[in-house]
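S.K.: Generate a structure from the sequence data that follows.
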Amino acid sequence: MNIARVLSVNVGQARPIAAKSGMSGIDKRPVAGAVSVRAPGPKDSGPHGAVGSGLAGDAVCDRENHGGEDQAVYAYAREDLDVWQALLDRPLVSGSFGENLTTVGIDVTAALVGERWRIGEHLVLEVTSPRLPCRTFAVWLGRQGWVKTFTERALPGAYLRVVEPGMVQAGDQIEVVDKPSHSVTIGSMFRALIAR
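M.R.: Numbers count the residues shown, from 1 in each chain. Coordinates of the predicted model:
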């Protein structure tokens, strides 16, 4: 049995991008060592509002649509990146989809909305919602029709909120410590949201 763990922790700097926002932190890159994770505060587009990301040193430029309490951390499975790598016929390193945590051994799409993950010693995160594809994501990958392609494949990754702050680093074990009694997964929520 595979032990679920963090393969890499990825953070991004604000960089220019040829999308509506003009700047983006989607270019996430793996970092060495432990990174502090805490609740970032509410979503806010103002210049003095919340920092957006729950990870220290990670930029969220479009704080009207990204970041905040319910999108403090974005997790994506390495197994799903491997599916895309084959379909797109190009290498996808950890962080390629703008994820903060690249995971292995846990089916992120099958995670229940509201389930809680303990990562390492102290950090506890709660699964909140799937990632919905946006134009910035398409521009970042340089793929015409990317939003439609991503939507059809329905491997969205999951946003998480911070329940208990802590440190996270590559190699940390992920343990599901609480599951709600419903059966709403990230995948089913994604399909419901995109069907509207």
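S.K.: which residues sit against the helix or strand bottoming out on mean pLDDT in the chain?
M.R.: One helix or strand of the chain scores below all others by mean pLDDT, DSSP states H and E: strand 23-24, with a mean of 85. Strand 23-24 has contacts (C-beta atoms under 8 Å, 6 or more residues apart in numbering) with 12, 14, 15, 16, 17, 61, 62, 136, 140. Backbone N, C-alpha and C define where each C-beta goes, glycine included.
S.K.: one more time with 7 Å, if that's ok
M.R.: The contact list for strand 23-24 (C-beta atoms under 7 Å, 6 or more residues apart in numbering) reads 14, 15, 16, 17, 61, 136, 140.
S.K.: For the first one, grab the count of nearby residues.
M.R.: Same thing as residue 14. Neighbours of residue 14 under the rule other C-beta atoms under 10 Å: 14.
S.K.: so it touches residue 63, yeah?
M.R.: No. Distance between residue 14 and residue 63: 11.4 Å, which falls outside the contact criterion (C-beta atoms under 7 Å).
S.K.: Please work out the average pLDDT along the top helix by length along the chain.
M.R.: Longest helix in the chain, counting residues (DSSP state H): helix 78-88. Summarised as a single mean, pLDDT over helix 78-88 is 96.
S.K.: Quick one: name whatever helix or strand follows that helix.
M.R.: Sequence order places strand 101-104 as the next helix or strand after helix 78-88, per DSSP states H and E.
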